[in-house]
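*Asks:* Here's my sequence, what's the structure:
(chains A and B)
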Amino acid sequence: QKEVEQNSGPLSVPEGAIASLNCTYSDRGSQSFFWYRQYSGKSPELIMSIYSNGDKEDGRFTAQLNKASQYVSLLIRDSQPSDSATYLCAVNAGNQFYFGTGTSLTVIP
Amino acid sequence: SAVISQKPSRDICQRGTSLTIQCQVDSQVTMMFWYRQQPGQSLTLIATANQGSEATYESGFVIDKFPISRPNLTFSTLTVSNMSPEDSSIYLCSVEGGSLNTEAFFGQGTRLTVV
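*Replies:* Numbers count the residues shown, from 1 in each chain, chains lettered A, B, ... in the order given. Here you go, the predicted structure:
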């Protein structure tokens, strides 16, 4: 069973703060890691992909990967109310995607 | 990234009937994926559709209930057959893409309610 675990939240942060989202995965053979944002009633939208250990920054978003600990995180700096959504962690292992249950984030104005 | 058009976007159906969901991609892709997302839950893969061969179904999903067609490299359909209220869910079509062809992209989804 290839599992992806996330804290379901809800996570609430004030506007302008840093939101930290965490994810662990069980399959050590996983090679590709992703964060998706899903607004209520909408389909998931890819916001970050990361393939090697360390940090990857894209605008206000930073993804962090630690393969030894089987851990992926997403930091959102200067959080905005428009960032309020569910964030799904996903892992590509064996050419198949496995999704976490998502973390609900609310940014309070 | 690929542009994926999925329809219908939503439907309300009577139990016992069937609904066919269409997925059109703006580029040729080898594999197309169908997911289900039940309320408050994550995505569950139903099946993988390859052009020219039968779809590969995940555990818990069968062809009689979820027949899939893949007539060409840009189009696929998923039928939800003999529906019951438990089939109420969001159904999503997905393809791989990105620079390394390892990223998943999704259609707009079909919100199905069975009454």
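*Asks:* Run a quick neighbour tally on residue 78.
*Replies:* No chain was given, so I picked chain A. 13 (other C-beta atoms under 10 Å in any protein chain shown). Bear in mind the C-beta positions are built from the backbone N, C-alpha and C, glycine included.
*Asks:* wrong one, chain B
*Replies:* A count of nearby residues for residue B:78, using other C-beta under 10 Å, gives 26.
*Asks:* In the helix or strand harbouring it, which residues are buried?
*Replies:* Here residue B:78 sits within strand B:75-80, counting by DSSP states H and E. Along strand B:75-80, these residues count as buried under the neighbour rule (16 or more other C-beta atoms under 10 Å in any protein chain shown): B:75, B:76, B:77, B:78, B:80.
*Asks:* quick one, what contacts the third one?
*Replies:* By C-beta atoms under 8 Å, 6 or more residues apart in numbering or on different chains, the residues touching residue B:77 are B:20, B:21, B:22, B:23, B:68, B:69.
*Asks:* quick one, phi psi at the third one?
*Replies:* To tie it back to what came earlier, the one meant is residue B:22. phi -110, psi 150 (degrees, to the nearest 10).
*Asks:* ok now stretch A:89-105, how far from the chain's centre?
*Replies:* Stretch A:89-105 sits 9 Å away from the centroid of its parent chain (C-alpha atoms, centre = their mean, to the nearest Å).
*Asks:* Quick one: name the residues of chain A near chain B.
*Replies:* Proximity of chain A to chain B, by C-beta under 8 Å from any C-beta of the partner chain, involves residues A:31-32, A:34, A:41-46, A:49, A:51, A:88, A:90, A:92, A:96-97, A:99-102.
*Asks:* Could you pick out the buried ones from those?
*Replies:* Restricting the residues of chain A next to chain B to buried positions leaves A:32, A:34, A:43-44, A:46, A:49, A:88, A:90, A:92, A:97, A:99-102, with burial counted as 16+ other C-beta under 10 Å.
*Asks:* can you put those residues in JSON lines and add secondary structure and distance to residue A:63?
*Replies:* Converted to JSON lines, those look like this (DSSP: H, G, I helix; E, B strand; the rest coil; distance: C-beta to C-beta, whole Å):
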{"residue": "A:32", "secondary structure": "strand", "distance to residue A:63": "12"}
{"residue": "A:34", "secondary structure": "strand", "distance to residue A:63": "9"}
{"residue": "A:43", "secondary structure": "coil", "distance to residue A:63": "20"}
{"residue": "A:44", "secondary structure": "coil", "distance to residue A:63": "16"}
{"residue": "A:46", "secondary structure": "strand", "distance to residue A:63": "11"}
{"residue": "A:49", "secondary structure": "strand", "distance to residue A:63": "8"}
{"residue": "A:88", "secondary structure": "strand", "distance to residue A:63": "13"}
{"residue": "A:90", "secondary structure": "strand", "distance to residue A:63": "12"}
{"residue": "A:92", "secondary structure": "strand", "distance to residue A:63": "14"}
{"residue": "A:97", "secondary structure": "strand", "distance to residue A:63": "16"}
{"residue": "A:99", "secondary structure": "strand", "distance to residue A:63": "16"}
{"residue": "A:100", "secondary structure": "coil", "distance to residue A:63": "14"}
{"residue": "A:101", "secondary structure": "coil", "distance to residue A:63": "19"}
{"residue": "A:102", "secondary structure": "coil", "distance to residue A:63": "16"}
